[in-house]
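Q: Okay, here's the prediction I keep looking at, along with the sequence it came from:
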Amino acid sequence: MTPERSAAAEHAQKLLRQISLELAFVDPHGKKPAEELRRLIVELEQAVAVHAPQAIRDLASEARSRVEVSPGVAATLNSDAIVHLHDWQPRMQEAVIAWSRESPSGGRQASPSPMPKPVVSQPEVPQARPQSPAPATHAAAATELFSVLPDDADGELVRLFCSESQDLLQDIEQGVLVLEERPQDTDTLATVFRAFHTFKGNASVMKLAVIQRLAHELESLLDGARRGTHQLDRRAIDAILGGADIFKRFIGEMAAQIEGTGVGQQISLPVAAVIEEVKALLSGQPQASAPQAAKNATKNATPAPVVSAVVPAAVPAAVMPAPAVITPPPPAAEIPFAPIPMPMPTPVTPADAEQPAVARPAVAAASAGAAGLIRVDTAKLDGLIDLVGELVIAQSMVTQNSDLQAVASEQLARSLGQLRGISTELQRTALSLRMVPIRGTFQKMARLVRDLSGQVGKEIRLVLEGEETELDRTLVEELGDPLVHMIRNAADHGIESPADRVAVGKDSSGTITLRAFHKGGMVFLQIQDNGRGLSVSRIRGKAVERGLISAHEQLTDREVLDLIFAPGFSLASKVTDLSGRGVGMDVVRRNIERLRGTIEIDSAEGRGTTFTIGLPLTLAIIEGLLVQVGDQRFVVPTLSVRESFRPLPSMMSAVQGRGEMVSVRGTLMPLLRLADHLHIPGAVTDPTQGIVMVLEAGQDCRCVLIDALVGKQEVVIKSLGETFQDQQDFAGAAILGDGRVGLILDTTSLVRLKLKHTEAA
């Protein structure tokens with residue numbers, strides 16, 4: 001299926017979900033127009049008009065004919081039309097699902113399309129990373145102490161320098177990893193060279209002589225590659241990345257100190273060792289021995305203030321962990337607007353005179369995608385979004401005011417409708433400001449995989465898919481640690497050694513794939529490896545050994561795989577620097593669920609493992625269904641509701657050991673009485689007199705009994721605060737249209753209660 005057909009199928013599924021919800025609220029005896037339902041059906045017909053099979057187009061036209069109205073007449077539905085649409089909706093749903101299965105993104109088992117080699121983005125906060133086997137020059141290089149802030153530093157100029165430098169370093173590291181795979185890529189080589197040249201010029205303006213000197217030496221190495229006199233082999237790439245790591249440490253410390261953290265603190269950097277290695281590369285000398293490297297590093301070090309401190313004798317350039325006290329300021333968001341030029345001209349030194357076209361202002365080295373962007377403090381952006389959320393709440397309170405609803409004024413109704421439309425559009429625009437591509441987070445993993453492959457002695461290739469997928473900035477920031485942990489596990493435990501892979505008929509190099517895509521109003525991330533996979537029998541045996549389950553307990557394969565998320569659980573035969581202590585996967589799941597997401601495992605022994613993370617698009621605002629239980633009202637996230645209905649007596653049953661069950665389309669699902677679970681008196685006790693909602697969390701589903709559906713509303717999520725941080729039933733709270741507070745149900749927690757009840761039974 002082409003990308004256009006795939007997108008059309010995805011859009012049709014989303015519209016059908018909204019149509020299903022609208023049908024639940026249509027009253028055949030009421031006078032409220034069904035304009036929203038008509039709009040959705042017309043939009044559905046347009047969505048399938050070009051790319052869908054004829055049968056689907058006919059079904060869409062059939063529904064549209066049922067809601068067709070004359071110009072100027074409000075769309076209302078009689079009982080016959082509603083019955084017909086209720087019959088039409090599942091037929092259309094099945095047809096669209098069958099159509100979407102042709103799409104690569106329509107099913108989880110689809111084969112990924114081939115992708116080019118990954119590129120990497122520089123992390124804004126330098127962190128300790130596993131190192132690849134570095135040259136002997138770096139492995140034993142002595143380090144020197146350096147101050148990072150000039151005495152007369154201008155705060156605003158330093159902040160601007162740090163911000164620009166982070167962008168330049170991102171281009172450098174991303175480009176260098178591409179050059180390692182394609183050393184003849186002249187465009188990428190030119191981009192990396194210009195980034196180093198601009199960085200050197202900015203360092204000169206800031207009077208950072210040591211950084212300027214190191215950048216000049218690395219620039220000379222790249223210039224030699226441009227001229228064809230030197231080759232960018234593994235040794236040269238290691239030297240460039242080692243220099244980039246020094247810059248990251250330096251800039252990270254500078255950003256922290258200008259914000260008042262550790263002011264005046266000196267940091268140790270192996271600058272002289274990297275310079276010595278670059279000179280050796282340019283002169284064609286072999287790698288120096290470890291003692292000689294340390295000696296040369298000390299001899300050629302740029303003079304720096306001396307303090308009484310123990311300086312580590314061996315800090316590899318590829319690692320250089322940042323001090324724990326460094327807390328750089330939060331990253332700035334980027335909003336489309338006019339660019340702000342950096343008031344720092346790049347001086348042309350004698351060494352640069354022969355290349356005047358390369359010497360250019362700092363802003364010119366930014367990537368092409370940065371054109372038309374302006375940096376805004378994230379605190380200001382978050383404040384704007386909070387105010388928009390409050391405006392939406394106020395708009396709901398006005399439009400739902402009983403006094404206004406009693407006024408029979410067509411003009412007032414139109415004005416309120418216009419107010420609702422403007423506030424909704426303003427809300428969507430404000431939320432879009434928080435949306436950023438996941439590209440940066442994905443590309444950071446390429447450097448990690450490169451270092452890991454050398455550390456564990458395996459050949460590992462990283463493939464990135466869906467880097468343009470956008471989600472909330474807060475989610476992007478929170479995903480870094482879980483992704484790092486799972487990739488480390490995949491490299492250490494998942495991917496076999498080259499010899500083991502060849503022995504079983506596989507290619508000697510393993511592959512880790514990072515994939516992102518939108519589906520059903522959510523964002524899904526997949527971490528997939530083609531390694532040895534997970535052994536269900538081995539996991540079960542280890543769980544019995546640790547007392548997590550009994551030897552006679554019956555669990556499905558998927559439930560057994562979920563046991564790896566238990567605290568302290570590990571299959572590693574020995575503890576390594578990377579993993580094996582049983583700490584991590586439980587934290588990964590906890591962090592994902594804290595973001596209102598889910599994580600699932602698919603694994604086939606001998607073929608590989610796939611972790612699938614499902615996340616909401618944003619943490620700020622959700623569309624929710626308002627439900628009533630007794631005299632209480634709750635908000636249920638719409639994306640978690642598969643369907644809702646009033647059950648017939650024949651659909652109810654009791655299964656020994658599993659409690660009450662509801663037959664939903666031929667499948668028995670456990671029933672949770674929400675009133676009993678939350679201890680709410682006065683609620684419906686007979687399921688046939690209430691409403692059953694089918695909630696889903698990943699692949700798990702369960703039915704929840706409520707009294708009634710009250711309506712639907714987009715709500716701004718408010719935190720419950722520290723007092724209720726340990727409770728598991730609610731994800732937050734929201735101010736409803738009438739001014740009352742409604743608690744937002746944590747549907748993942750409610751669905752997962754199924755496992756606890758089953759075990760108890």
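A: Alright, I've got the coordinates. Residues are numbered from 1 along each chain as shown.
Q: For Val83, grab the count of nearby residues.
A: 12 (other CB atoms under 10 Å). (Each C-beta comes from the backbone N, C-alpha and C, glycine too.)
Q: Next one: it from Val67, what distance?
A: 14 Å (CB to CB, to the nearest Å).
Q: Glu10 now?
A: For Glu10, the distance to Val67 - CB to CB - is 23 Å.
Q: again, but for Gln285
A: 80 Å.
Q: top helix in the protein by residue count?
A: In the chain, taking DSSP state H as the definition, the longest helix is helix 155-181.
Q: now that helix: mean pLDDT?
A: Averaging the model's pLDDT scores along helix 155-181 yields 82.
Q: what comes up buried for the following helix or strand past it?
A: Proceeding N to C from helix 155-181, the next assigned helix or strand is helix 186-205, under DSSP states H and E. Under the neighbour-count criterion of 16 or more other CB atoms under 10 Å, helix 186-205 has 188-189, 191-205 buried.
Q: what packs against helix 186-205?
A: If you count contacts as 3 or more CB pairs under 8 Å, 6 or more residues apart in numbering; DSSP states H and E, helix 186-205 packs onto helix 155-181, helix 209-227.
Q: Relative to Gly284, how far out is Pro647?
A: 81 Å.
Q: does the residue nearest the centre of the chain sit in a helix or strand, and which one?
A: Of all residues in the chain, the one closest to the mean position by CA atoms, centre = their mean is Val476, 4.2 Å from it. Using DSSP H and E, Val476 maps to helix 473-489.
Q: Mind checking what secondary structure the residue located most distally from the centre of the chain has?
A: Within the chain, the residue lying farthest from the chain centre (CA atoms, centre = their mean) is Ala408, at 47.7 Å. Here Ala408 is coil, with the state taken from DSSP: H, G, I helix; E, B strand; the rest coil.
Q: Same check on Val392?
A: Three-state assignment for Val392 (three-state DSSP): helix.
Q: Please look at it and Gln713 and confirm they touch.
A: No - proximity of Val392 to Gln713 does not meet the contact threshold set by CB atoms under 8 Å, at 9.7 Å.
Q: other SSEs contacting the longest helix of the chain?
A: Going by 3+ CB pairs under 8 Å, 6+ apart, helix 155-181 lies up against helix 186-205, helix 234-258, helix 439-456.
Q: ok, back up a step: dump the residue contacts of the residue nearest to the centre of the chain.
A: Residues in contact with Val476 (CB atoms under 8 Å, 6 or more residues apart in numbering) are 436, 438, 440-441.
Q: swap the cut-off to 6 Å and go again
A: Applying CB atoms under 6 Å, 6 or more residues apart in numbering to Val476 gives the contacts 436, 438, 441.
Q: And the pLDDT for it?
A: 85.
Q: buried set for the host helix or strand of Gln427?
A: Taking DSSP H and E as the definition, Gln427 sits inside helix 410-432. By neighbour count on 16+ other CB under 10 Å, the buried set for helix 410-432 is 416, 423, 427, 430-431.
Q: what do you get for stretch 466-483?
A: Neighbour count says stretch 466-483 has 466-467, 469-476, 478-480, 482-483 buried, by 16+ other CB under 10 Å.
Q: which one of the residues you listed sits closest to Leu753?
A: Pro482 (23.9 Å; CB to CB).
Q: What residue, apart from its backbone neighbours, is nearest that closest one spatially?
A: Nearest-residue entry for Pro482: Val588, 4.5 Å, with adjacent residues in sequence omitted and distances by CB to CB, 6 or more residues apart in numbering.
Q: Any figure for the gap between the one you found and Ala683?
A: 37 Å.
Q: how far away is Gly742 from Phe724?
A: 15 Å.
Q: okay, those two: which has more neighbours?
A: With neighbours defined as other CB under 10 Å, Gly742 and Phe724 compare such that Gly742 has more, 22 against 13.
Q: Helix or strand: which one has the more buried one?
A: Using DSSP H and E, Gly742 falls in strand 741-745.
Q: how far out from the middle of the chain is that strand?
A: Its chain's C-alpha centre and that of strand 741-745 lie 26 Å apart, by CA atoms, centre = their mean, to the nearest Å.
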